[in-house]
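Asks: fold the following for me, if possible:
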Amino acid sequence: MLDQQRPAGATAEASGRIGARVVGRERELELALAAVSAGRDLLLEGPPGTSKTTILSAITEEWGIPLFFIEGNADLTPAKLVGHHNPARVLREDYSADNFVPGPLVEAMQQGGFLYIEELNRAPEDTMNTLLMAMGDRAISVPRVGRVAALPTFRVVASMNPYDNIGTARLSQSIHDRLNRIVIGYQDAEAETRIVRLRAGLGEAGADPGASLPERIVQDAVAVTRATRVHPDVRQGSSVRGAIDAAMIAAQLAGLRGVSEAEDERYPELCFDAMTVALSGRIHVDEAAETTPERVLREIWEDRFILEPHAAAPG
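Replies: Sure thing, here's the model as predicted:
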């Protein structure tokens, strides 16, 4: 269990153990550990699929404290965040502290856990204001219950997607003033390849891309997924989750179609089919572009397998 602040030595030991479970996030993990060990609340800003939840899960598991996960949206009212009195018991017994059903904020404060709010900028303003007192005073006042004080290990950790501006609102300066901010981008190609190998159960670390069909699938899935992030007609590309799914679907298609090696002439089209299933719903085309996700993916596929075949060629 961590205190309000942890000694630097203990944090360094934890970083080494946690780092073994988080691929390609050494710097961000170190920064997050430093912030929460110093007793600070945190804002993780980055696109989906960049290991934000993984980092927090690894930290809380290492320190043996609970992680409370809630999704920021228009339905996240202060009552849902703080808690409510049980209506049936109120009718029978009237209001009392015993009838109170704690929400995730109160539970996190009472148990000394991390409250992780995904997409904080989607939550209503009055809900965000409820967090101000919890972050500033480490305590809140609940009507008919009284004052709830947080244990020293309580932290508020929020996330935001900087590319998403639909249904979101700007965070107030008061919220920003209470949160330390870490910007998390996509991993590099090597780290994403390691993640896909691990999560999809394909390929071997250090293997030649042409040595086996599974490793070739991993390399191609990562390459086309990363290409969605730099395509001129795409506002937001796919996360590494798309690459994982594309690799797993391609491997299943290879078995269904009897494709056992990358030199098979059916392999490129198999990859396109896997791309379409895994990535078409994950990329967001610019509204000004007169195209579709499927057309964008076809262009990326052609760049990988036809226009620059040496990039995808085995060996």
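Asks: please count neighbours and contacts with C-alpha atoms only from this point.
Replies: OK.
Asks: can you give me the helices for this protein?
Replies: Assigned by DSSP state H, the chain shows helices spanning 8-19, 26-37, 52-63, 78-82, 87-93, 104-111, 125-137, 173-178, 189-200, 213-227, 240-257, 267-279, 293-302, 309-312.
Asks: how many residues are close by the nearest residue to Ser239 once chain neighbours are set aside?
Replies: Leaving aside its chain neighbours, Ser239 sits nearest to Gly49 (5.0 Å; criterion: Cα to Cα, 6 or more residues apart in numbering). Look at Gly49: counted by other Cα atoms under 10 Å, it has 16 neighbours.
Asks: ok, now which ones touch Leu76?
Replies: Leu76 is in contact with 123-124, 127, counting by Cα atoms under 8 Å, 6 or more residues apart in numbering.
Asks: now list the buried members of these.
Replies: 123-124, 127 (16 or more other Cα atoms under 10 Å).
Asks: deepest of the helices of the chain, which one?
Replies: Of all those, helix 213-227 has the most neighbours on average by mean count of other Cα atoms under 10 Å, namely a mean of 24.
Asks: quick one: that one to chain centroid distance?
Replies: Taking Cα atoms, centre = their mean, to the nearest Å, the mean C-alpha location of helix 213-227 is offset from the chain mean by 21 Å.
Asks: got the angle between it and helix 240-257?
Replies: Helix 213-227 and helix 240-257 are oriented at 140 degrees to each other (axes from the mean of the first three to the mean of the last three Cα atoms, to 10 degrees).
Asks: name the helices or strands packed onto helix 213-227?
Replies: The contact analysis (3 or more Cα pairs under 8 Å, 6 or more residues apart in numbering; DSSP states H and E) places helix 213-227 against helix 189-200, helix 240-257, helix 267-279, helix 293-302.
Asks: now these in TSV, with distance to Glu26 and mean pLDDT?
Replies: Shown next, in TSV, are those (distance: least, Cα to Cα, whole Å; pLDDT from 0 to 100):
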stretch	distance to Glu26	mean pLDDT
helix 189-200	11	93
helix 240-257	17	97
helix 267-279	27	97
helix 293-302	30	96
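Asks: domains for this protein, by residue range?
Replies: Domain segmentation of the chain under automatic domain parsing yields 8-183, 189-312.
Asks: which of these has the lowest average pLDDT?
Replies: Note on the domains of the chain: lowest mean pLDDT is at domain 8-183, with a mean of 85.
Asks: much appreciated, bye for now.
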